[in-house]
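**Q** Output the structure for:
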Amino acid sequence: MQAPSVGGVMLPRGNGETIRLSRGASLTDFAEKINANPASLVAVMMNLGEMVTATQSVSDETLQLLGDEMNYQVQIVSPEEEDRELLESFDIEFGEDEGGEESLVSRPPVVTVMGHVDHGKTRLLDAIRKTNVVAGEAGGITQHIGAYQVTTQVNDEDRAITFIDTPGHEAFTAMRARGAKSTDIAILVVAANDGVMPQTIEALNHAKAADVPIVVAVNKIDVEGADPTKVRGQLTEFGLVAEEYGGDTMFVDISAKQGLNIDALLEAVVLTADASLDLRANPNQDAQGIAIESHLDRGRGAVSTVLVQRGTLRIGDTMVVGDAYGRVRAMLDDKGNNVEEATPSTPVLVLGLTNVPGAGDNFLVVDEDRTARQIAEKRAARERNAAFAKRVRRVSLEDLDKVLKAGQIQELNLIIKGDASGAVEALESSLLQLDVGEEVDIRVLHRGVGAVTESDIDLAMGSDAIVIGYNVRAAGRAAQMAEREGVDVRYYSVIYQAIEEIEAALKGLLKPEYEEVELGTAEIREVFRSSKLGNIAGVLIRSGEVKRNTKARLIRDGKVVAENLNIEGLRRFKDDVTEIREGFEGGINLGNFNDIKVDDVIATYEMREKPRA
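**A** Prediction:
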């Protein structure tokens, strides 16, 4: 029914019915659902104190606010649910094995190695794969997610295990969480000399949230001070009880550096998989899975490491990975060899995508290129709307005047380019979490994979942005263009250096805070009168030092009688001086202020900029 709304605008008010909207929807989308004019919803929002245009992506809170006002229950559709509905519209079922039990065959377990930074995760994978990965990593920290497959013998039978190598630094929490979601078993690496650390607990929580069994690798047992028993005791507090203590968690004492007990660890993984999990998939359907890592290769274009979870991926298949799509031109295994097909639990590097997908994006094979393009475009539009809604600063009519005043709210604009999508996303997430107060804000104008280009420099010029190159450099004439136009381009190879420098830059945008620092006090012993200069105080410096041209206050009988005075003249005998130190006598002229008496105290001070915490 038609009923007047706020401001006299006629609008169809609801009866509490539910309307479903995607994240980042606009007022136009809302208006279509309730058969209203978008302009009238703009008027409603203005009456509610929010300035929003009809086509602007708005936040979930704004949609809920409008729904409450219009008497509708607004349900924000999750990205996962929206994606499922999108695929259903193309008659595609994601995440389900086709056929019955007879079509399922066993597959290798997918294992994620987790733990605290510097506890030896990469060295463990290094020992397993017999290759040196640590040497190529800046700061000794794994920068990307990689996937590898190894074979071990258990009960005289060759068994394959797929490893996902997730970075251990705290900035990669999102990537590590994704690793846990795509995994069957987690290996928790704990150093025997350090014990349980903050990121050990964080990794443990990720594994528990993903509901995956855990095998604990107690590393560095060859190091002085190693105490594997202590590690077992500490992890008991977090619900991981060793088998030898009557629990069901397998603990294996290893030394990744010496290569001790690596085979025993792999055997523990296989035995845990056999005991706890039913690892089967249908290899005879269209392939589906997850993108582990993606980057832009100079010779090959957009490449993505994908983990096949069901079905078989073959060269020539048309696939959609997040908002990227393409026909598989070639596939490489973890050793760089060309392969024709990839079965369940097999990681491969795929060539032939239109652009770089995100780490953790789902992939699926479809029949037609047109279908792939339509799915990718709809996903890209959804991501773009959600990003706009997240980025928009909500401005109410009450504080609009404050926002428009120059300098009241400062923004640091950034453009982030990196060599891999997961690392770029982790860096952006870490930077957006920086909080140095309400006066300054950080805004990522653009992020992407690949070298810094001239278009990045153009965007930076138009918005006074800083360009961050993470493991990439400026391509072609972009470097000369940046230098010519004065665009600040920063290059980093370790993520925490970028975070520290940007945090320092943010603090630099803050208005300086000052604190008063006392310099010295002078007791007036005598007052001299001068026809030229007025009253001059003959003083003894009681503490510190008194300097010319500093601020002062006059204290009489313990009370301040004059503030904001200035030490305009300072003399020792007949000489003008710049300062007089404790224990010495001199003369002080306070300019036009002449109300001074014997026994008054002149306290001098200066305002110093206070360093930001």
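**Q** How far away from the center of its chain is stretch 285-302?
**A** Stretch 285-302 sits 22 Å away from the centroid of its parent chain (Cα atoms, centre = their mean, to the nearest Å).
**Q** Start and end of that stretch, how far apart?
**A** Stretch 285-302 has an end-to-end distance of 25 Å (Cα to Cα, to the nearest Å).
**Q** in that stretch, what's buried?
**A** 285-296, 301-302 (16 or more other Cβ atoms under 10 Å). Placement of C-beta: from N, CA and C, glycine included.
**Q** Of those residues, which pair is most distant in space?
**A** Across the buried residues of stretch 285-302, the longest distance by Cβ to Cβ is 30.5 Å; it joins Q285 and L296.
**Q** Quick check: which element contains the nearest residue in space to D600 that is not next to it in sequence?
**A** Nearest residue to D600, sequence neighbours excluded (Cβ to Cβ, 6 or more residues apart in numbering): I524, at 4.6 Å. Using DSSP states H and E, I524 maps to strand 513-530.
**Q** same thing with S455?
**A** S455 belongs to helix 454-463 when assigned by DSSP H and E.
**Q** name the helices or strands packed onto that helix?
**A** Helices and strands touching helix 454-463, by 3 or more Cβ pairs under 8 Å, 6 or more residues apart in numbering; DSSP states H and E, are strand 410-418, strand 440-449, strand 466-470, helix 478-485.
**Q** Dump that helix to CSV, restricted to CA.
**A** Taking Å, rounded to 0.1, in the frame of the first residue of the first chain, the C-alpha atoms of helix 454-463 are listed here in CSV:
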residue,chain,number,x,y,z
GLU,A,454,52.5,4.2,-16.6
SER,A,455,48.8,4.0,-16.0
ASP,A,456,49.6,3.5,-12.2
ILE,A,457,51.8,6.6,-12.3
ASP,A,458,48.9,8.5,-14.1
LEU,A,459,46.5,7.5,-11.3
ALA,A,460,49.0,8.5,-8.6
MET,A,461,49.5,11.9,-10.2
GLY,A,462,45.8,12.6,-10.3
SER,A,463,45.3,11.6,-6.7
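**Q** Mean confidence (pLDDT) on it, please.
**A** What helix 454-463 shows for mean pLDDT is 84.
**Q** Tell me how many other residues crowd the residue nearest to V154 when sequence neighbours are not counted.
**A** Counting by Cβ to Cβ, 6+ apart, V154 lies nearest to V270, which is 4.7 Å off, once chain neighbours are set aside. When neighbours are counted by other Cβ atoms under 10 Å, V270 registers 22.
**Q** What distance do you get for V270 to Q153?
**A** 10 Å (Cβ to Cβ, to the nearest Å).
**Q** Now the common contact residues for the two.
**A** Common contact partners of V270 and Q153 (Cβ atoms under 8 Å, 6 or more residues apart in numbering): R159.
**Q** for the residue nearest to D600, what are its contacts?
**A** Contacts for I524 (Cβ under 8 Å, 6+ apart) come out as 537-539, 596-602.
**Q** And these, which is closest to A372?
**A** I602 (81.5 Å).
**Q** so is that closest one in a helix, a strand, or just coil?
**A** strand (DSSP: H, G, I helix; E, B strand; the rest coil).
**Q** which ones are touching L124?
**A** Counting by Cβ under 8 Å, 6+ apart, L124 has contacts 113, 187, 189, 217, 219, 254, 256, 262, 265.
**Q** ranking those by neighbours, who comes first?
**A** N219 (32 neighbours).
**Q** Spatially nearest residue to it (excluding sequence neighbours)?
**A** In space, N219 is closest to G120, 4.3 Å off (Cβ to Cβ, 6+ apart).
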